[in-house]
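A.B. asks: this one's structure only:
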């Protein structure tokens, strides 16, 4: 019976620079009830493509606030820094990224990060033995392009297909 409504906006002011906006409203049954959140940020994007990036850099910095001290037992501010860099040499694509989230304030269990979460340790089983309110993730990956991305259409449905081998390290 819990639900969330979320809206993220990316407004590109000039090439390679955008303002980011975020707002969400959650209802958590059996917990704090109503939880509003809102945030602002900036992004600098010099990648050659947002999908299947081969070369360039991306940096995002944002601040988000969750809940209100007067209304909720959960209220915190999240500071997010996300940096990514890509470089290609022939069929090899090297990618490096760093993601850091700091959350001063009161964070409740339903907003904890955990090993195996959406941003961490690919293939690692979700483990609630290791929970935290802050997150730092470093990733290095190497992709080998076996089949370049190509457009296709099947029964009027358009899509892309391709094949890459990926090896990576998360920390």
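C.D. replies: Happy to help now that I have it. Model, not experiment: these values are computed from the prediction. Numbering: from 1, shown residues only.
A.B. asks: what about the strands in the chain?
C.D. replies: 3-14, 17-28, 33-45, 56-66, 75-89, 92-102, 105-106, 113-115, 127-132, 135-154, 157-170 (DSSP state E).
A.B. asks: need the contact partners of the longest one.
C.D. replies: Around strand 135-154, the neighbours that count as contacts under Cβ atoms under 8 Å, 6 or more residues apart in numbering are 52, 91-101, 113, 119-120, 158-171. For the C-beta atoms, the positions are set from N, CA and C on the backbone; glycine is no exception.
A.B. asks: just grab the bridge partners of residue 37 for me.
C.D. replies: Beta bridges link residue 37 to residue 24, residue 66, judged by DSSP bridges.
A.B. asks: if we can go back for a sec, buried among the contacts of strand 135-154? Make that a ChimeraX selection.
C.D. replies: Buried subset of those, written as a ChimeraX selection, criterion 16 or more other Cβ atoms under 10 Å:
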select :52,93,95,96,97,98,99,101,113,120
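A.B. asks: ok, the closest residue to residue 19 other than its chain neighbours - contacts?
C.D. replies: Residue nearest to residue 19 in three dimensions, not counting chain neighbours: residue 11, with 4.8 Å by Cβ to Cβ, 6 or more residues apart in numbering. With contact set as Cβ under 8 Å, 6+ apart, residue 11 has these partners: 18-21.
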